[in-house]
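*Asks:* Need the 3D shape of this:
(one chain, ligands or ions: 2)
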Amino acid sequence: MSNSDCLFCKIIAGQIPAKIAYQDDKCLAFHDINPQAPTHVLVIPREHIASLKEASASLHNELLGHLLTSAAKIASDLGIAEDGFRTVINTGAKAGQSVFHIHVHVLGGRGLAWPPG
Ligand code: AMP
Ligand code: ZN
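*Replies:* Ligands and ions are numbered 1, 2, ... in the order given. The predicted model follows:
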């Protein structure tokens with residue numbers, strides 16, 4: 001199900017352009033418009049889920065696993081897996097979520113400090 005007001009649903013529908021890094025029947029990955037690292041890709045499900053808070057164990061376990069294994073494959077394909085990469089899911093505005101269609105950030109290509117801000 002998609003949400004007509006959702007930016008990432010519009011990217012899935014091809015109504016807003018994006019630089020696609022990977023896609024399959026369940027997910028789409030594209031380069032972040034405001035990259036925070038030399039490689040910064042967002043992996044999103046084709047199904048609209050607003051955030052991790054709205055995801056349910058009975059409906060979404062397989063899909064969420066698919067997002068993570070796809071993130072690892074994309075990191076490998078983009079050449080950032082060897083040196084290490086970070087996957088991030090921001091949940092809620094206070095945690096930095098600005099687009100309410102769940103997405104996994106995949107960041108790499110530079111050293112990444114911990115803890116995050
Ligand atoms: P978050 O703040 O965790 O919700 O992440 C949303 C991300 O989407 C941010 O890193 C934005 O830079 C990115 N973003 C927003 N609009 C676009 C767009 N049209 N194409 C690609 N990335 C986008
Ligand atoms: Zn959406």
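*Asks:* Enumerate the beta-bridge partners assigned to Thr39.
*Replies:* Residues in a beta bridge with Thr39, per DSSP bridges, are Gly108.
*Asks:* check contacts around it.
*Replies:* Ala75, Leu78, Gly79, Ile80, Phe85, Val106, Leu107, Gly108, Gly109 (C-beta atoms under 8 Å, 6 or more residues apart in numbering). (C-beta placed from N, C-alpha, C; glycine too.)
*Asks:* Mind giving me the ChimeraX command for buried ones among the residues you listed?
*Replies:* With 16 or more other C-beta atoms under 10 Å as the criterion, this ChimeraX line picks the buried residues out of those:
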select :75,78,80,85,106,107,108,109
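*Asks:* Over to Gly14. Which of the three states is it?
*Replies:* Three-state assignment for Gly14 (DSSP: H, G, I helix; E, B strand; the rest coil): coil.
*Asks:* ok now stretch 58-72, how far from the chain's centre?
*Replies:* Centre-to-centre, stretch 58-72 and its host chain are 11 Å apart (C-alpha atoms, centre = their mean, to the nearest Å).
*Asks:* Double-check that Arg86 belongs to a strand.
*Replies:* Yes - assessed by three-state DSSP, Arg86 belongs to a strand.
*Asks:* what number of residues lie near it?
*Replies:* Number of residues near Arg86 (other C-beta atoms under 10 Å) recorded here: 17.
*Asks:* Kindly report the same for Ala29.
*Replies:* Ala29 has 25 nearby residues by other C-beta under 10 Å.
*Asks:* Give me the mean pLDDT for the helix or strand hosting it.
*Replies:* Following DSSP states H and E, the helix or strand that holds Ala29 is strand 27-31. When pLDDT is averaged over strand 27-31, the result is 98.
*Asks:* Perfect, I'm done here.
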